[in-house]
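Colleague: need coordinates for the following:
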Amino acid sequence: MSESFAAWALKRWPGAHVHCYEPLRDNFALLKKNLGSLEGQSISLNNFAIGDPSLKNLYLGRNNCGEASFYDVGEQSEITVEVETMAPSVLPKANIVKIDIEGSEIDILSRMTSFDFDVIMLEYHSEANRRKIEELLRDFFLVGGEIRGLHRGTLKYFHQRLIQAAGLLVPRHVG
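Modeller: Below you'll find the model as predicted:
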């Protein structure tokens, strides 16, 4: 769920406006309960998924509510619920984007018309997806992350303009 990151971001960057997207009704109710008092001021809560709009059936997580996915990436049950999915074009302009969508990373990134963000943080759920993410984010530098297994991890990217502004630009590929 996006609620813990949203709470952290609001504390870390006072005055920021955070947009949260949660397609599951029960998870959204918790999000609204915990952060709803800030809605319209410093937070926008959206009860839909971002990704391929043709995808409507979300597999519930096998172990917890944070494992729901449009795909079986090994942590999903056979139980599905119908949700609303919107194309990434509905996303507002943002400095930082956190994508935690259990296997739909490429669905979102490949549908984006531009990557006008300073920072992108995301999970990946296969080596093929990690390589595709690298290809799509060619204007970004990988600055951190954590590998949790052969095909799982988190990645943090800074746009090259941040690196240039800090005077840290180095060649992307050395031959």
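Colleague: name every strand pairing with the lengthiest strand in the chain and say which way it goes.
Modeller: Criterion DSSP state E: the longest strand present in the chain is strand 140-149. Using DSSP bridges, the strands paired with strand 140-149 are strand 152-159 (antiparallel).
Colleague: list the buried ones in the longest strand of the chain?
Modeller: Neighbour counts over strand 140-149 (16 or more other CB atoms under 10 Å) mark 140-141, 145 as buried. For the C-beta atoms, the positions are set from N, CA and C on the backbone; glycine is no exception.
Colleague: between these, which sits nearest His159?
Modeller: Phe140 (5.5 Å; CB to CB).
Colleague: excluding chain neighbours, what is closest to that closest one?
Modeller: Leaving out its chain neighbours, the residue that sits closest to Phe140 by CB to CB, 6 or more residues apart in numbering is Tyr157, at 3.8 Å.
Colleague: check what pLDDT Thr85 gets.
Modeller: On the pLDDT scale, Thr85 is placed at 95.
Colleague: equivalent analysis for Ile108, please.
Modeller: 91.
Colleague: looking at this, it is in a helix?
Modeller: Yes - counting by DSSP: H, G, I helix; E, B strand; the rest coil, Ile108 is found in a helix.
Colleague: contact partners for the residue nearest to the spatial centre of the chain?
Modeller: By CA atoms, centre = their mean, the mean C-alpha position of the chain lies nearest to Ile99, the distance being 0.7 Å. Residues near Ile99 by CB atoms under 8 Å, 6 or more residues apart in numbering: 105, 108-109, 120-123.
Colleague: what sits opposite it in the beta ladder?
Modeller: Leu122.
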